[in-house]
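**Q** Okay, predicted coordinates and the sequence, questions at the end:
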Amino acid sequence: MLLNRHGFRCVGLDLEGPAIRAVLAHYRKNEITVLGKAERPWPGQQPADLSREVADLLAELKARDVPVVVGIGGEGTFVRSLRLPDIPVREIDEAVRWELDVLLPKEDPESKYIIKHAVTGKKREQLYVLAAAVAEEPLRQQLSLLAHQIPLAAADLRVCALWRAAMYMRARPEEDALAVVEALPSGLRVVIGEDNLQFARELPPETELILELRRTLNFYQSQYSTRVRRLLTSGSLVIPNLGIEEAAVMGEAPGQPWFGERSQPWGPEYAVALGLALYYFEEPRVDLLPADLKSKHRTPLAPRSRPILAAVAAGLFCLAILPGMTIYYRTAGRAMENELAALTPRVQEEQRVVAERRRLEEWLDVVQSFNLALPSRANIIEQATALPADTWLTSLEMIPAEQTASSPSSTTSGSTPQPAAKSNGGGKLPAIPDKILFQGYSLTATPVGVFRDKLASLPFFSGVIIKNIEWDAGLGAYKFALEAQLQTGGR
């Protein structure tokens, strides 16, 4: 984001619902001001008509050249709230892709999805992560024409915009959690959090809204051990009796004024547009807009008045300081060359020491591998395969090796009968196990991969694969099965 001395402006554009709504926000000296709002009826006609209406809307706000942020939600949008340990960014990316890969439809393998995430907060060495994926081609078709008409800068999630709007109007209670709900023909959206956004859901339009809202609130309160004390709605959804201490339409909560001047009729239907206008100024945010659709527009770094005089002054200044800069950089370059020559022997010595240390570490690993104790396999499993949080096993089955040749069950003419093995009941000894099948459930998909990696690190497994992982809607958890191959048939 580029800022000039006059501040930075951004337009939030809400394209859902029966009308197009836009809010213009201004940021300067760490202060956010809402400059205006506008709306146009939109019955859902041709994309060219939409572009024209949006251009007229920006002209009404006097914001033709201001970056525009649109909201994404509804069909083709997948949202997932994750709780992860405090891990590096690269590992967060891998965990997000693992979780969303389970949710994304597999009917069309050619379809591409834009996958992004945002870290929304941290508490007790635990990260709150909001992950999202959107089908690229439908989004491109929806926004391509619009991007050529206006300075389109980003496409953010509507759930993020809802949370930012609530934070701007200081709707969060002093203790416990806040929930914000939006219900439109495109679906139901719920965001919940305390100091920051912790949980979000994006539900399809055919959902039983009140039932799913009740289930969502109960799930959050049971998983996060936090009571939801205030519930706000941004649309025309009638607030049911859910046992919430405070329930109101956004902008009408007790003691919480709506944004803008009190004398202006700002309505709750502008909540998403406001949140989108705060895209650059408040967290959390994601950008699902394809890179080729982003406008190259940037806010100017200087006032537009007297551009010729400013350019001439800048040129004269550069000509004045050019000789001095040339002498300075030449002197600095020679000094750096001399310093580099003096450091070369030290660098070579350090490289030799690093190589020697690496060789010693490799020998130490070999020695330690021979000094490993041989505790019972049960103890190794107990120490090295502790189940991750929110995961439990339901069965552990020993699978015998497949017989390479079948033995006859009865004697035939001319054959010599074989003596029966003297085991329990006179039957055959049980076959040596070849594999172990682990079955269980997990609240999220990531711990399944963690458990698989822990099993694979054990010395007596030659390989571990995920046989099956699927969502059990009845239990609200993932059912999984892992198959571990024993070394040398389990001996």
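**A** On my side now, so go ahead.

**Q** From now on I want contacts and neighbour counts done on CA atoms only, so please keep to that.
**A** Noted.

**Q** right, and the helix or strand after the strand or helix carrying residue 38?
**A** Element membership for residue 38 (DSSP states H and E) is strand 31-41. From strand 31-41 onward toward the C-terminus, using DSSP H and E, the following helix or strand is helix 47-60.

**Q** what pLDDT, on average, does that following helix get?
**A** The average pLDDT for helix 47-60 rounds to 84.

**Q** Run through who's touching it.
**A** 20, 22, 38-40, 42, 44, 64, 142, 145-146, 149-150 (Cα atoms under 8 Å, 6 or more residues apart in numbering).

**Q** same deal with stretch 288-295?
**A** Stretch 288-295 is touched from outside by 114-116, 133-134, 136, 139-140, 143-144, 147-148, 150-157, with contacts defined as Cα under 8 Å, 6+ apart.

**Q** so who does residue 195 touch?
**A** For residue 195, the residues meeting the contact criterion (Cα under 8 Å, 6+ apart) are residue 172.

**Q** which two in the contacts of helix 47-60 are spaced the farthest apart?
**A** For the contacts of helix 47-60, the maximum inter-member distance is 22.6 Å, found between 44 and 64 (Cα to Cα).

**Q** Compare those two (neighbour count), which wins?
**A** residue 64 (18 against 13; other Cα atoms under 10 Å).

**Q** From residue 58, how far out is the more buried one?
**A** Relative to residue 58, residue 64 is positioned 5 Å away (criterion: Cα to Cα, to the nearest Å).

**Q** Ok, residue 132 next?
**A** Using Cα to Cα, we find residue 132 at a distance of 29 Å from residue 58.

**Q** Next, the nearest residue to residue 115 once chain neighbours are set aside: secondary structure please.
**A** Distances taken as Cα to Cα, 6 or more residues apart in numbering place residue 133 nearest to residue 115, at 4.4 Å, with adjacent residues excluded. Of the three states, residue 133 takes strand according to DSSP: H, G, I helix; E, B strand; the rest coil.

**Q** Same check on the one 10 residues further on?
**A** Under the three-state scheme (three-state DSSP), residue 143 adopts helix.

**Q** Next: residue 148.
**A** Per three-state DSSP, the secondary structure class of residue 148 is helix.

**Q** what's the pLDDT at it?
**A** Confidence for residue 148, expressed as pLDDT, is 80.

**Q** That one and residue 12, how far apart?
**A** Look at residue 148 and residue 12: by Cα to Cα, they are 17 Å apart.

**Q** Which of the two has more residues huddled nearby?
**A** Regarding residue 148 and residue 12, a neighbour count based on other Cα under 10 Å identifies residue 12 as having more, with 29 against 13.

**Q** and that one, what does it touch?
**A** Counting by Cα under 8 Å, 6+ apart, residue 12 touches 22-24, 68-70, 272-279.

**Q** ok, of those residues, which come out buried?
**A** With neighbours counted by 16 or more other Cα atoms under 10 Å, the contacts of residue 12 contain buried members at 22-24, 68-70, 272-279.

**Q** From the residues you listed, which land in strands?
**A** 22-24, 68-70 (DSSP state E).

**Q** Quick check: bridge partners of residue 178?
**A** In this structure, residue 178 bridges to residue 193, residue 230 when assessed by DSSP bridges.

**Q** Any idea how many residues pack against it?
**A** Considering only other Cα under 10 Å, residue 178 is surrounded by 25 other residues.

**Q** What does residue 87 show for phi and psi?
**A** Geometry field for residue 87 lists phi and psi as phi -120, psi 160, criterion degrees, to the nearest 10.

**Q** please renumber so the chain begins at 43
**A** Will do, 43 is the new start, and the previous item becomes residue 129.

**Q** What is the neighbour count of it?
**A** The number of residues packed near residue 129 is 11, by other Cα under 10 Å.

**Q** thinking again about what came up before, in TSV, list the contacts of residue 54 along with pLDDT and distance to residue 401.
**A** As requested, those are arranged in TSV below (pLDDT from 0 to 100; distance: Cα to Cα, whole Å):
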residue	pLDDT	distance to residue 401
64	92	64
65	92	63
66	92	62
110	93	57
111	94	55
112	93	56
314	90	59
315	90	60
316	90	60
317	91	56
318	92	55
319	92	57
320	93	54
321	93	51
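
**Q** For the stretch 393-533 of the chain, just list every one of the helices.
**A** For the stretch 393-533 of the chain, the helices defined by DSSP state H, counting those that start in this stretch cover 419-426, 488-498.

**Q** This completes my enquiry, with thanks.
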